[in-house]
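Colleague: Pasting the sequence and the predicted coordinates here, then a few questions.
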Amino acid sequence: MKKILLILLFMPLLSSGQFIKQDKAAHIFAGAGISGITSLTVIAISKDKHSKATLRNAKIISFGASILAGYLRERQGKRGGGKFDYDDWANTALGGLTASYTLDLCYKTKKKYIF
């Protein structure tokens, strides 16, 4: 079931029928990278690495970090004379959401921990 969910999460990114602009895809991957690094950092510095509370906190903090990074990037772009693009911000958050839930699924599978 978890493998099917993982495949469904990444299906829109891998499908050739979907046309995503390169800029939007870059925002998705940046959000996923920020979220992944933040999640793994939170898990690494926690005392009880395999507790439900640690994994929940890692998921929430990593998703929040991707939202904040997307907002700050768009705000900086507005200062440079551009406009605040809500689609780019949403794509960064989408990448963060995807990565945070994917890492959560990978980190705890059938009480055997992958990492």
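Modeller: Here it is on my side, so go on. Just so we're clear, the structure is a prediction, and the values are computed from it rather than from any experiment.

Colleague: From here on, just use CA atoms for contacts and neighbour counts.
Modeller: Noted.

Colleague: Phi and psi next, for the residue of the chain positioned farthest from its centre.
Modeller: For the chain, the residue at maximal distance from the C-alpha centroid (Cα atoms, centre = their mean) is Gly81, at 27.9 Å. Note on Gly81: backbone dihedrals following degrees, to the nearest 10 are phi 100, psi -10.

Colleague: Surely Leu94 is in contact with Gly33?
Modeller: No: using Cα atoms under 8 Å, Leu94 makes no contact with Gly33, being 11.6 Å away.

Colleague: Determine which residue lies closest to the centroid of this structure.
Modeller: Gly96 (1.8 Å).

Colleague: Do me a favour and average the pLDDT over the host helix or strand of it.
Modeller: Gly96 is located in helix 86-107, with elements delineated by DSSP states H and E. Across helix 86-107, the average pLDDT comes to 87.

Colleague: so what does it touch, helix or strand wise?
Modeller: Packing contacts for helix 86-107, counted by 3 or more Cα pairs under 8 Å, 6 or more residues apart in numbering; DSSP states H and E, involve helix 2-14, helix 22-45, helix 52-79.

Colleague: Now the longest one: buried residues?
Modeller: Judged by neighbour count (16 or more other Cα atoms under 10 Å), helix 52-79 contains these buried residues: 54-55, 58-71, 73-75.

Colleague: Show the average pLDDT along that helix.
Modeller: Mean predicted lDDT for helix 52-79 stands at 90.
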